[in-house]
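1. coords please:
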Amino acid sequence: MSFVQRGIGFGTCLAMVISYTAYQSIGWAIIHGCLGWLYVIYYYLVHAPSLF
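-> Prediction:
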């Protein structure tokens with residue numbers, strides 16, 4: 001119930017923006033938005049330059 005009152009979180013919004021930018025698909029953006037921070041971390045690990 002508190003989630004509905006707060007609205008969407010930053011992780012959800014960030015995941016949706018990254019997804020839409022990468023795939024230009026609203027469907028994927030919604031799916032990745034549901035995953036939130038998990039998708040953001042996955043995208044960073046896969047697409048970020050190597051840190052090591």
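
2. Can you tell me which helices and strands the helix ranked longest in the chain packs against?
-> Secondary structure of the chain per DSSP state H: the longest helix is helix 10-23. Packing contacts for helix 10-23, counted by 3 or more Cβ pairs under 8 Å, 6 or more residues apart in numbering; DSSP states H and E, involve helix 26-35, helix 37-47. C-beta here means a position set from N, CA and C on the backbone, and glycine is covered the same way.

3. Nearest the middle, which residue of this structure would you pick?
-> For the chain, the residue sitting closest to the mean C-alpha position, by Cα atoms, centre = their mean, is residue 15 at 1.3 Å.

4. Next one: that residue from residue 26, what distance?
-> 13 Å (Cβ to Cβ, to the nearest Å).

5. Overlap in contacts, these two.
-> Counting by Cβ atoms under 8 Å, 6 or more residues apart in numbering, residue 15 and residue 26 have no shared contacts at all.

6. Report the contact partners of the nearest residue to residue 31 once chain neighbours are set aside.
-> Using Cβ to Cβ, 6 or more residues apart in numbering and skipping residues adjacent in sequence, the residue nearest residue 31 is residue 19, 7.7 Å away. Listed by Cβ under 8 Å, 6+ apart, the contact set of residue 19 reads 25, 28, 29, 31, 32, 33, 39, 43.

7. Can I get these in TSV including distance to residue 49 and pLDDT?
-> Below are the contacts of residue 19 laid out as TSV (distance: Cβ to Cβ, whole Å; pLDDT from 0 to 100):
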residue	distance to residue 49	pLDDT
25	25	94
28	23	94
29	24	94
31	26	94
32	21	92
33	25	92
39	19	92
43	13	91
